[in-house]
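*Asks:* here you go, sequence then predicted model.
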Amino acid sequence: MQRCQWIVGQPDFYVDYHDHEWGRPVYDDQALFEVLVLELFQAGLSFKTILNKRANFRTAFANFDIEKVAHFTESDVERLMQDAGIVRHRGKILAVITNAQCILQLQANGQTFADFVWQSVDNTPIDHQIEQLSDIPASLPAAVALQKDLKKTGFKFVGGKTVYAFMQAAGLVNDHQIACAFHG
């Protein structure tokens, strides 16, 4: 079976993520929140590291329950800062809590997080028709627009690379190589 060049030689858990999750459209708010949290924590690190700690992140962040995370307190932050099973970065932990609160605010205003992010691509995944890894763009206008919208809404730790990686992981952008069996 042919896969994207970047996944060749990677550990099984990473290949499984590529085959069954990465680039598949996600429309559920909680699932999108999980993707955003993982990409946020990845900033400056290897995604393999984050994915390897995914179960710990799920436990630490109440299975990515938006409502519960939005109500985390300073004692929860301190608990997470002591949790060796996750990346202990106060700014990222605080950003996750803030972002959960932003999602709740969107929902209170009658908009799902899914609708909010998918409007950035007019509800249709962007397919870059990647032949070589070098064809993957560093950014795209939709990612820049989504980043601005997220920041304007109050989201934190949503830099350009994080937002683009989020869009790839959540299937808003299909950057599987054309020859990959999972290009779709």
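*Replies:* Ah, there it is.

*Asks:* and the strands in this structure?
*Replies:* Along the chain, counting by DSSP state E, strands occupy 126-127, 173-174.

*Asks:* what sits up against the last one?
*Replies:* The contact list for strand 173-174 (CB atoms under 8 Å, 6 or more residues apart in numbering) reads 23, 121, 125-128, 140, 142-143, 164, 167, 183-184. (Glycine included, C-beta is placed from N, CA and C.)

*Asks:* and if we set it to 10 Å?
*Replies:* With contact meaning CB atoms under 10 Å, 6 or more residues apart in numbering, strand 173-174 is reached by 22-25, 120-121, 125-130, 136-137, 140, 142-143, 164-168, 180, 182-184.

*Asks:* need the strands of the chain in TSV with mean pLDDT, distance to R3 and mean neighbour count, can you?
*Replies:* Shown next, in TSV, are these (pLDDT from 0 to 100; distance: least, CB to CB, whole Å; neighbours: other CB atoms under 10 Å):
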stretch	mean pLDDT	distance to R3	mean neighbour count
strand 126-127	96	17	16
strand 173-174	96	14	24
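
*Asks:* so which of the ones you listed gets nearest Q10?
*Replies:* With CB to CB as the criterion, Q10 lies closest to strand 173-174 of the strands of the chain, at 19.5 Å.
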